[in-house]
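S.K.: show me the folded form of this:
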Amino acid sequence: MSSSSSNNAISYKVVGTPFSTFTRTITLGLHYKGIPFEQIVTFPHSDVARDAHPYGYLPTLIIEGPNGQSTKLSESQAIVRYLDRVHSEPSLHFKPSSSPDSTNVLLEEKMWEVVSLVASFGFPTIEVGLIKPHLKALKEGAPERKIVRGNSDGQSKITEFLSIIDQRTIPNTKYLFGDQPTWGDFYLYPLLADLRSLPEWALTVEPRFMGWVDAMDELDAVKKTYSGTLADERP
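M.R.: Numbering: from 1, shown residues only. Down below sits the predicted model:
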């Protein structure tokens, strides 16, 4: 799995399955920035994952230098900061002055606030709170209609979470913070792309985010990271 780049001195490997939303955040950024990489597909807590991350979590970025030395960088928010420092363009930062309507979001750091909210609260609410229990119940043979009826509390929590994100981003723009994607978009998108594959999508997501997901779908980086995701398995 690769994209084009002029940087030949350093090579990258991403440890993580495409099914992992945090792994997809990193591969989205790598593709968007045109950074070539190899993906080592593995699941959380496997021997490969534990060798790369102290707790066996995903993803890890392996940075291989020109002299054969390598560094393992774990935790997605550390990885994106490294990528921004070494490959600053194209930028995935929010610049208030470049946005047509940023009067309610005056600080560049508001984008990082959204990143943190998605990682700390969005993932537990959407993936752990609804998607994983839904898939587990399906695997155990429960009818999908019954599953949907039984998780109304999880649905309301997702709606509440998305309202919080809506209040902290810029309205009436293509992406969360204007007309260019940011890390905020790349953190939230994998979660909602997974949710869209379930019936609860229509019960929890407002039109603003439905349109936003459609806009994100058009990015080459999104298309290149689709294979192996939940949406790929349940189109």
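S.K.: run the chain-centre distance for the longest helix seen in the chain.
M.R.: Counting residues, the longest helix found in the chain (DSSP state H) is helix 152-167. Counting by C-alpha atoms, centre = their mean, to the nearest Å, helix 152-167 is centred 17 Å from the centre of its parent chain.
S.K.: what mean pLDDT does it have?
M.R.: Average pLDDT, helix 152-167: 98.
S.K.: A helix includes residue 148, no?
M.R.: Yes: under DSSP: H, G, I helix; E, B strand; the rest coil, residue 148 falls within a helix.
S.K.: wait, isn't it in contact with residue 201?
M.R.: No: using C-beta atoms under 8 Å, residue 148 is not in contact with residue 201; the gap is 10.5 Å. C-beta coordinates here come from the backbone N, C-alpha and C atoms, glycine included.
S.K.: these two touch, right, residue 220 and residue 34?
M.R.: No: assessed by C-beta under 8 Å, residue 220 is found out of contact with residue 34, at 9.8 Å.
S.K.: and the residue in the chain sticking out farthest from the centre, backbone torsions?
M.R.: Going by C-alpha atoms, centre = their mean, the residue of the chain most distant from its centre is residue 67, 32.0 Å out. Backbone torsions of residue 67, given as degrees, to the nearest 10, read phi -100, psi 10.
S.K.: now residue 38
M.R.: Torsion angles at residue 38 (phi, psi; degrees, to the nearest 10) stand at phi -110, psi 140.
S.K.: and it, how many neighbours?
M.R.: By other C-beta atoms under 10 Å, the residues close to residue 38 number 13.
S.K.: beta-bridge partners for it, please?
M.R.: On the basis of DSSP bridges, residue 38 is bridged to residue 13.
S.K.: check contacts around the nearest residue to residue 154 once chain neighbours are set aside.
M.R.: Spatial nearest neighbour of residue 154, chain neighbours left out: residue 130 (3.9 Å); criterion: C-beta to C-beta, 6 or more residues apart in numbering. Contact analysis of residue 130 by C-beta atoms under 8 Å, 6 or more residues apart in numbering lists 151, 154-155, 157-158, 195, 198, 200.
S.K.: who's in contact with stretch 11-20?
M.R.: Under C-beta under 8 Å, 6+ apart, the answer for stretch 11-20 is 22-24, 26-27, 30, 35-44, 48-49, 52-53, 58-64, 225, 227-230, 232.
S.K.: now, of those residues, which are buried?
M.R.: With neighbours counted by 16 or more other C-beta atoms under 10 Å, the contacts of stretch 11-20 contain buried members at 22-24, 26-27, 30, 35-37, 39-42, 44, 48-49, 52-53, 58-63, 225, 228-230.
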